[in-house]
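Colleague: Just to be clear, the model below is a prediction. Sequence and coordinates:
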Amino acid sequence: MDQALLYQILISYTYVAIWIGLSAGVILFNKYLLSVYGFPFPIALTMIHMGFCSFIAILLIRVFKIVESINMEVETYFRAIVPIGALFSGTLWLGNAAYLYLSVSFIQMLKALMPVSVFLVGTLFGTEQYSNKIMLNMAVVTVGVMIASYGEINFVLTGVLMQLASILFESSRLTLVQILLQRRGMKLNPITTLYYIAPACFCFLSVPFVLIELPKMQESVDWNFDVTIFAANATVALGLNLAVFLLIGKTSALTMNVAGVVKDWLLIGLSALLFHQPVSSVSLGGYALAFGGVCYYNYLKLKDMQAQPPSRLEEGSQQKP
């Protein structure tokens, strides 16, 4: 094998391993803080992440000028960034809140519904083209998740509704990114994305924090907070954003999708091992069905990308969120 090709393969696998490790690390770290460590405040945890990411992004762009900013008009910020920031804050808040009620493994199974939600929302707003084949595929994924839910040992409706709402917020955010940013020709890397969106998320989250969590934190002393631990948690979250940039920039969005499949199965196993949360055979069977549907959906998307002219194919790989 050519030495240069072997080196490129090793680099690509290194990026994949880093992204899988950081992505799984953030999920397991958040689960530990919210359910085990003694900090049951998902809004506050999300605000810490957004505040830290905002601070680092400002340093890199405004102070050290390592990353070049873009000239964004005030009108564009309020019409594009603010709605995306509102949806993203809902995604993070509700996704973290679900860890208070559900196991990591079951949450990963529910996340298999993401392509279904993206397809339905995208069809509604015209960013996805409807087809009976894809709709049937989405039905298979949905049935698989329903079977997995039926077999879940610790099924909590509140947690399920929170996770489903998080998925809906995220699919709506991805659709708005395509409509409000990509169609304007704006391309944001993770640092500039954090620079514009993280402060907006922090502001949106401050409202439910003041109304919901702050009174609970003031009334109770039965919770823990260590600056070192939370700084480490926020650093891992920031590292994940950088790893996404490296993975897509140095490989492809398709590679990230494949890596995501590996990460999901890894998290299911680690959740059962670390948090002693067993997974029933019915749930695994249902998730396997949903997993097959998601893989087939990715295959159809790959064929569609390959059928596009080279210029459109390159553009699509660069703009995929």
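Modeller: That came in fine, so what should we check first?

Colleague: can you map out the helices along the stretch 201-321 of the chain?
Modeller: With DSSP state H, counting those that start in this stretch applied, the stretch 201-321 of the chain shows helices at 214-219, 227-250, 253-274, 281-307, 310-319, listed in chain order.

Colleague: got any ranges where the stretch 1-150 of the chain has weak pLDDT?
Modeller: Within the stretch 1-150 of the chain, the segments meeting pLDDT under 70 span 1-2, 5.

Colleague: closest one to E68 among the helices of the stretch 201-321 of the chain?
Modeller: With distances scored as C-beta to C-beta, the stretch of those nearest to E68 is helix 227-250 (14.0 Å). No exception for glycine: its C-beta is placed from N, CA and C like everyone else's.

Colleague: tell me which residues of that closest one are tucked away?
Modeller: 230, 233-234, 236-244, 246-248 (16 or more other C-beta atoms under 10 Å).

Colleague: Who are the packing partners of the longest helix seen in the chain?
Modeller: As assigned by DSSP state H, the longest helix anywhere in the chain is helix 3-31. The criterion is 3 or more C-beta pairs under 8 Å, 6 or more residues apart in numbering; DSSP states H and E, and the helices and strands that helix 3-31 contacts are helix 104-110, helix 227-250, helix 253-274.

Colleague: Need the contact partners of the longest one.
Modeller: By C-beta atoms under 8 Å, 6 or more residues apart in numbering, the surrounding residues in contact with helix 227-250 are 11-12, 15-16, 18-19, 22-23, 25-26, 29-30, 33, 37, 45, 48-49, 52-53, 56, 189-191, 193-194, 255-256, 259, 320.

Colleague: Tell me the buried residues within these.
Modeller: When these are checked for burial by 16+ other C-beta under 10 Å, the buried set is 15-16, 18-19, 22-23, 26, 29-30, 33, 37, 45, 48-49, 52-53, 56, 189-191, 193-194, 255-256, 259, 320.

Colleague: centroid residue for the chain?
Modeller: E170 (7.7 Å; C-alpha atoms, centre = their mean).

Colleague: thinking again about what came up before, put together TSV for the helices and strands packed on helix 3-31, with distance to T142 on each row.
Modeller: Formatted as TSV, the entries for these read as follows, by distance: least, C-beta to C-beta, whole Å:
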stretch	distance to T142
helix 104-110	11
helix 227-250	27
helix 253-274	17
